[in-house]
Structure formats: C-alpha cells, structure tokens
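Visitor: Dropping the sequence and predicted coords here.
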Amino acid sequence: MKTGKVPENVLKRSILKKTGIKRSEVLIGAGVGTDCACLELGDDEVFVLSTDPVTGALTDTGRYAVNAAVNDIAAGGAEPVGIMVTALLTTETEEDDIKALMKDIDDSCKALNIQIIGGHTEITDAVKRPVLSITAVGKAPKSVAVKPSAQPGDDVVITKWIGLEGTSIIAKEKEKELLTKFPPKLIYDSKNYDRFLSVVPEAATAVKSGVGTMHDVTEGGVFGALWELAESSGVGLLIDLKKIPVKQETVEICNFFDINPYELMSGGSMLMTSSDGNRLVLSLKEAGIEAAVIGKCTDNNDRVLINGEMRRFLEPSKADELYKVIK
C-alpha cells in the first residue's frame, strides 16, 4: 500500500465494520472524519485509561495488544468500556492483512464486551514491523479508582499460571524446532494458552471479594511483577517459589531454550494482595478461576524468595526472557 492514511474505501470496508460490540456509554464512536470519541459517565464515576504499544507480525498481534491494554484497566479495578487503536503498518501491508488484523482485534473486543471507539491507521516507511498502540478506556466508581497500597501482613495471591503468554508465543514462533523434541499435543496445548490472556474476569471477582491491590503480570514475568508491586507500595515480600503455579508445558519449553519461566512474559496472570488471601482464593475458585496464596507482604524493604531451605533476594525487573528466544 502507498504511504499515508489508509484509503477511505479500505477504512470503511475493512476497519470500521470491525469495531467490537456497541456500548451504551459511547455517544460518538469510530467513523470517517470523526476526530474524537465521546463517552457518557454516570454519577460518581470516573474514567480510567491505559495505553500499551505492541510490535510484531500481524498474526495474533491484535489479540495480545488488546488484552495487554485492557488488563491494565482491569487491574485498576475498573470495567473496560472501549479501546482506541493506532496502527502503524509497513508499506508491504495488503488490505487482506488489515482485514485479518481487524478480525483479530474485533474478536478480542467482542469476547471482552468492549467497543473500538476510535483510532488511526497509517501506512508508513518509518516502521519495519507493524506497531499497534492501544489506549483502553474504562469506568469505575470514584471509591474504587483510587488505588490502595499493599499493607504489611497482606497475603499475596496469584491467578492462573505464570508464563502463559510467553509459552504461547514461543510455541507459535518456534513450533518446528519444538517438534524435534516434544509431541504435537504439547505444542498444540501451549499455543492455545492465549485463551487465558484476559484478567478481566478475576479482577471483577476480586473487586467484590475484598482485594487490596492488583497488578497484572506482563513483561519481566512474575519476578518483575512482584518487584513492581512491592516498589509501588513500599513493602517487603516473603514469597514461596514452590507455591507459584506453572504449567508443565511452560517448564518443558523453558528448559528446552534454557530460559527462566519466572522471568517470562505472563499476560493472563494477576497478582493481588488481601488481608485474607484464602478467602479471596476461595471466591476466585468459585468463579472458576485458579488462584493460590504465594506469600506475604512484610514491613521492611527485603523482597525475599524462599525455595525449600534456600533464600534469595528478588532483584529489579530485567529484560523479558522471551527476547532470548524471539529476536
């Protein structure tokens, strides 16, 4: 395609027809010549916004980008309403590529009950790979929007399993290499871990169940997320490594590429703190969401990991292990 805005006929037939579900809060949404979206809020409600860029091949990029931005909204205790999408695409992009991208985004939005309320699509020679920047918009009562800090003595809870996102991406990108050692079923199951990417359901349950803070686990893996959680609240941590849930497929794939599953991209997993972690875990499991208490917040600055008789200190977040495999 030629450099510049996507042609209007392509915009109409391949983009604007794929805008998720229609939300009653959206008074003005995406359209030709529409410069701004307009949303209506109820009494005592506030907007909550988050933005995330994703770079990569068009296949599956939309799903990962949408969930990354919307999960941040959910971690803030808000209900996601819509997203704005800025897509910077290479000059090699064809309309069929745009259709596939928009289908991916549209399907993700429908699954999350949100609307695409605006954005911009541009063909440019400034990028070598497609770049998606997603701004997610949510709403929350004012009382929820002010994020509390984790407190010493709080239990630390994690949902689902670590490494799901990274495992899925590696299984898709390195399938042929993995098939030299592992059975096809292991690869198939691993690729499909992207179905767990959303943390919206657990966030909604947790808000009703006495959660303190929430932090979605993304780049840097669970070690990075634990550090960020402690740093933002000014607390220490005492975490039992053996209690952190991880799928066997993730362990096998990480061993194959000699990477650390605890530092692997883990979209789909959420860290939470609560004064009664066992009660929170029970509420999550009643909602069909796996969860476990993995440790406690402490009243000092030590962030300690326990593995049997061994103790080590958590370090600041590093580059994600995924980038050692996918370059």
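Guide: It's in.

Visitor: Please list all residues in contact with the most centrally placed residue in the chain.
Guide: Nearest residue to the geometric centre of the chain (Cα atoms, centre = their mean): residue 68, 3.2 Å. Under the criterion of Cβ atoms under 8 Å, 6 or more residues apart in numbering, the contact partners of residue 68 comprise 52, 54, 134, 218, 267. Quick note: C-beta positions are derived from backbone N, CA and C, even for glycine.

Visitor: so which helix or strand takes in it?
Guide: Taking DSSP states H and E as the criterion, residue 68 maps to helix 61-75.

Visitor: CA atoms of that helix as PDB?
Guide: Included here for helix 61-75 are C-alpha records, laid out as PDB according to Å, rounded to 0.1, in the frame of the first residue of the first chain:
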ATOM      1  CA  THR A  61      -0.700  -9.100  17.400                       C
ATOM      2  CA  GLY A  62      -4.200  -7.700  17.800                       C
ATOM      3  CA  ARG A  63      -5.200 -10.200  20.500                       C
ATOM      4  CA  TYR A  64      -2.100  -9.600  22.600                       C
ATOM      5  CA  ALA A  65      -2.300  -5.800  22.200                       C
ATOM      6  CA  VAL A  66      -6.000  -5.600  23.200                       C
ATOM      7  CA  ASN A  67      -5.600  -7.800  26.200                       C
ATOM      8  CA  ALA A  68      -2.400  -6.000  27.400                       C
ATOM      9  CA  ALA A  69      -4.200  -2.600  27.500                       C
ATOM     10  CA  VAL A  70      -7.500  -3.900  28.800                       C
ATOM     11  CA  ASN A  71      -5.800  -5.900  31.600                       C
ATOM     12  CA  ASP A  72      -4.300  -2.800  32.900                       C
ATOM     13  CA  ILE A  73      -7.700  -1.300  33.200                       C
ATOM     14  CA  ALA A  74      -9.000  -4.300  35.000                       C
ATOM     15  CA  ALA A  75      -6.000  -4.300  37.400                       C
END
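
Visitor: Pull out the buried residues from the longest helix anywhere in the chain.
Guide: Secondary structure of the chain read by DSSP state H shows that its longest helix is helix 95-112. Of all the residues in helix 95-112, those buried under the rule 16 or more other Cβ atoms under 10 Å are 97-102, 104-106, 108-109, 111-112.

Visitor: Return the distance of that helix from the chain's centre.
Guide: Its chain's average C-alpha position is 17 Å from that of helix 95-112, according to Cα atoms, centre = their mean, to the nearest Å.

Visitor: circling back to that earlier point, the helix or strand following the helix holding residue 68 versus helix 95-112: what angle between them?
Guide: With elements assigned by DSSP H and E, the helix or strand that comes after helix 61-75 is strand 79-89. Orientation of strand 79-89 against helix 95-112 (axes from the mean of the first three to the mean of the last three Cα atoms, to 10 degrees) gives an angle of 170 degrees.

Visitor: on contacts alone, who are the packing partners of strand 79-89?
Guide: The helices and strands touching strand 79-89, judged by 3 or more Cβ pairs under 8 Å, 6 or more residues apart in numbering; DSSP states H and E, are helix 61-75, helix 95-112, strand 115-123, strand 131-141.

Visitor: and residue 43, which of these is closest to it?
Guide: Residue 43 lies closest to strand 131-141 among the helices and strands packed on strand 79-89, at 9.6 Å (Cβ to Cβ).

Visitor: quick revisit: make a markdown table from the contacts of residue 68 and add distance to residue 256 and pLDDT to it.
Guide: Supplementary listing: the contacts of residue 68 in a markdown table, determined by distance: Cβ to Cβ, whole Å; pLDDT from 0 to 100:
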| residue | distance to residue 256 | pLDDT |
| --- | --- | --- |
| 52 | 29 | 75 |
| 54 | 25 | 76 |
| 134 | 31 | 92 |
| 218 | 23 | 89 |
| 267 | 21 | 93 |
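
Visitor: In strands, which of those residues fall?
Guide: Counting by DSSP state E, the members of the contacts of residue 68 that fall within strands are 52, 54, 134.

Visitor: nearest to residue 177, of the residues you listed?
Guide: Of all these, residue 177 sits closest to residue 54, with 23.5 Å by Cβ to Cβ.

Visitor: what pairs with that closest one across the strands?
Guide: The partner list for residue 54 in beta bridges (DSSP bridges) reads residue 132.
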